[in-house]
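J.: how would this look folded up:
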Amino acid sequence: MTECIHLPAAILKPSTVALPGSKSISNRTLLLAALSDNICEIHSLLKSDDTDRMLEALAALGVKIDFLEAGRLKIHGCGGSFPNRNADLFLGNAGTAFRPLTAVLAILGGDYHLHGVPRMHERPIGDLVDALRIAGADVRYLGNQNYPPLQINERSDNGTRIIPIKGNVSSQFLTALLMALPLTGETFEIEVVGELISKPYIDITLKLMAQFGIHIENQEYRRFKIPANSRYHAPDVVHVEGDASSASYFLAAGLISGTPIRVTGIGKNSIQGDIAFALELEKIGATVNWGDNFIEVSRPINTPVKAFDLDANHIPDAAMTLAIVALASGAPCTLRNIGSWRVKETDRITAMATELRKVGATVSEEPEAIHIIPPAQLVADAEIDTYDDHRMAMCFSLVSLLGVPIIINDPKCTHKTFPTYFEVFNSLTAA
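T.: Got it, this is the predicted structure:
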């Protein structure tokens, strides 16, 4: 029998939430530290399924890791090459581990088998593999063409120094190339073919690489130049920002309920693009207060939640939360340019449409858009399937703030990024 959690219709009290570390920053930081030529101490690291898979992989590759206390560890960098050149790596459904490790191991060369859960084997990786092969890598598909699992062998440098990569499926492909090519010590240029989606995630990658000593020339997100003789060198200590995507649920709770909800661990100077979610909330009725290490959202009395028609390409993960906010608007809403949802942990456009209909919404989907018409009255105790997708579970918890109880199936799927999510969410409820 599927485990579930029943969330009663809730009223919130003014609250502050300390965010877990960012998944995107945590896994990038772990890999960059492992590739550095020194020791790096990492603080506020996210504890989740995705970071566990990265840590297991690094250990299998021979990286020495000292676990100091919760959220703090020390990585002994390997100077740009891993001690173990032969490894079998199970990476679950962690795209932030699978894509960069594929690129790094393909560029370094060796004998590596990369695989994951069945859903990971349905998530495309062909555009990245094509680019790596142009750079001389030997990457082979062990199942369906263009999908994991993968076998990686020795790379042969063919002299090619301009590498094209498609930008319209996942920004993680470009991130993976950016992190891997400096390991060659050669000058490279990466050319983006077509439209690059999720540019803020590339900004995260570039800013973190700069912290680790490698400065990439970004020519309007069309061409990226990697300098010769690059070498990763870690800061002595790195602090991981709170997860801005996870913040979206609590910020949206402040808007929906009208009760001030503050998140800490991110602020006005965050390197994560998903803090733009708060700006979108402001446009539809929220009052947003920005600090150096917090964002707080509320809504003035008698100010309604406004309907919206939004190009959400810049906040693809946080935009899922807006699909639930749409229910609070009482009017038709649209999210556009979200085609990347279809190749995430599940096909999120179809999953979101299916589950929104259970609460009474009228929903239509397009290849890269979703249109939502809220019902006059939400369906109480709708049973929401989560598709082993952490964001589906966290998004639909917000329905309980709209005056009806809701049932969330498989709540433990939140372990991917936020294992204590429902405990934290329930702590916001007024007695």
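J.: Could I get the full set of helices for this protein?
T.: 23-35, 49-60, 95-108, 126-134, 171-180, 199-211, 244-257, 276-283, 319-329, 348-358, 390-397, 421-427 (DSSP state H).
J.: okay if I get those helices as CSV plus mean pLDDT, distance to R231 and mean neighbour count?
T.: Where you see a C-beta, it was placed from the backbone N, CA and C, and this is true even at glycine. As requested, the helices of the chain are exported to CSV (pLDDT from 0 to 100; distance: least, CB to CB, whole Å; neighbours: other CB atoms under 10 Å):
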stretch, mean pLDDT, distance to R231, mean neighbour count
helix 23-35, 97, 9, 27
helix 49-60, 97, 19, 21
helix 95-108, 98, 14, 26
helix 126-134, 98, 21, 21
helix 171-180, 97, 13, 26
helix 199-211, 97, 12, 19
helix 244-257, 98, 30, 27
helix 276-283, 98, 33, 19
helix 319-329, 98, 37, 26
helix 348-358, 98, 38, 21
helix 390-397, 98, 35, 26
helix 421-427, 98, 39, 16
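J.: and I152, which of the ones you listed is closest to it?
T.: I152 lies closest to helix 95-108 among the helices of the chain, at 5.0 Å (CB to CB).
J.: Return the list of helices and strands in contact with that closest one.
T.: helix 23-35, helix 49-60, strand 111-115, helix 126-134, strand 150-152, helix 171-180 (3 or more CB pairs under 8 Å, 6 or more residues apart in numbering; DSSP states H and E).
J.: ok so, going back, so for L7, which of the helices of the chain sits nearest?
T.: So among the helices of the chain, helix 390-397 is nearest, using CB to CB, at 5.9 Å.
J.: Just the angle for that closest one relative to helix 49-60, thanks.
T.: Relative orientation of helix 390-397 versus helix 49-60 (axes from the mean of the first three to the mean of the last three CA atoms, to 10 degrees): 160 degrees.
J.: Can you name every helix or strand that helix 390-397 contacts?
T.: The helices and strands touching helix 390-397, judged by 3+ CB pairs under 8 Å, 6+ apart, are helix 244-257, helix 319-329, helix 348-358, strand 382-384, strand 406-409, helix 421-427.
J.: wait, which of the ones you listed is closest to I11?
T.: helix 244-257 (7.2 Å).
J.: what's near enough to touch R133?
T.: V139 (CB atoms under 8 Å, 6 or more residues apart in numbering).
J.: Now do it against P332, distance only.
T.: 45 Å (CB to CB, to the nearest Å).
J.: next one: T350
T.: Taken as CB to CB, the span from T350 to P332 is 19 Å.
J.: which one of the helices and strands packed on helix 95-108 lies closest to R140?
T.: strand 150-152 (4.5 Å).
J.: before we move on, the earlier item: using TSV, please lay out the helices and strands packed on helix 390-397 together with distance to T29.
T.: Listed next are the helices and strands packed on helix 390-397 as TSV, based on distance: least, CB to CB, whole Å:
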stretch	distance to T29
helix 244-257	15
helix 319-329	24
helix 348-358	26
strand 382-384	33
strand 406-409	31
helix 421-427	22
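J.: S36 is nearest to which of those?
T.: Once CB to CB is applied to these, the stretch that comes out nearest is helix 244-257, at 25.0 Å.
J.: Next, count neighbours for the nearest residue to D111 once chain neighbours are set aside.
T.: Nearest in space to D111, with sequence neighbours left out and distances taken as CB to CB, 6 or more residues apart in numbering, is N86 at 4.4 Å. When counting by other CB atoms under 10 Å, one arrives at 10 neighbours for N86.
J.: wait, N86 sits on Y112?
T.: Yes - counting by CB atoms under 8 Å, Y112 is a contact partner of N86 at 7.2 Å.
J.: Can you check the pLDDT for G71?
T.: The score at G71 is 87. That number is its pLDDT.
J.: and it, how many residues sit next to it?
T.: Using other CB under 10 Å, G71 has 15 other residues around it.
J.: For G267, see how far away it is.
T.: To G267, G71 is 19 Å away according to CB to CB.
J.: Also E296?
T.: 10 Å.
J.: out of these two, which sits in the more crowded spot?
T.: Counting neighbours by other CB under 10 Å for E296 and for G267 shows that E296 has the greater number, 21 against 16.
J.: which residues touch the more buried one?
T.: G254, P260, I261, R262, V263, V288, N289.
J.: Nearest residue to the last one in space, ignoring adjacent ones along the chain?
T.: In this case it means N289. Looking at N289 with CB to CB, 6+ apart, the closest residue is E296, at 4.2 Å.
J.: and if you look at the fifth one?
T.: Distance criterion CB to CB, 6+ apart; nearest residue to V263, sequence neighbours excluded, is A247 at 4.5 Å.
J.: residue contacts, the one you found?
T.: Contacts for A247 (CB under 8 Å, 6+ apart) come out as V17, L19, V263, G265, I266, D274, I275, F277, I295.
J.: L177 is in contact with E189, isn't it?
T.: No - L177 lies out of contact with E189 (CB under 8 Å); the separation is 10.8 Å.
J.: Spit out the residues that contact the two alike.
T.: I163.
J.: and of the contacts of A247, the nearest to P411?
T.: Of the contacts of A247, the one sitting nearest to P411 (CB to CB) turns out to be V17, at 17.6 Å.
J.: bridging residues for that closest one?
T.: Counting by DSSP bridges, V17 is bridged to V263.
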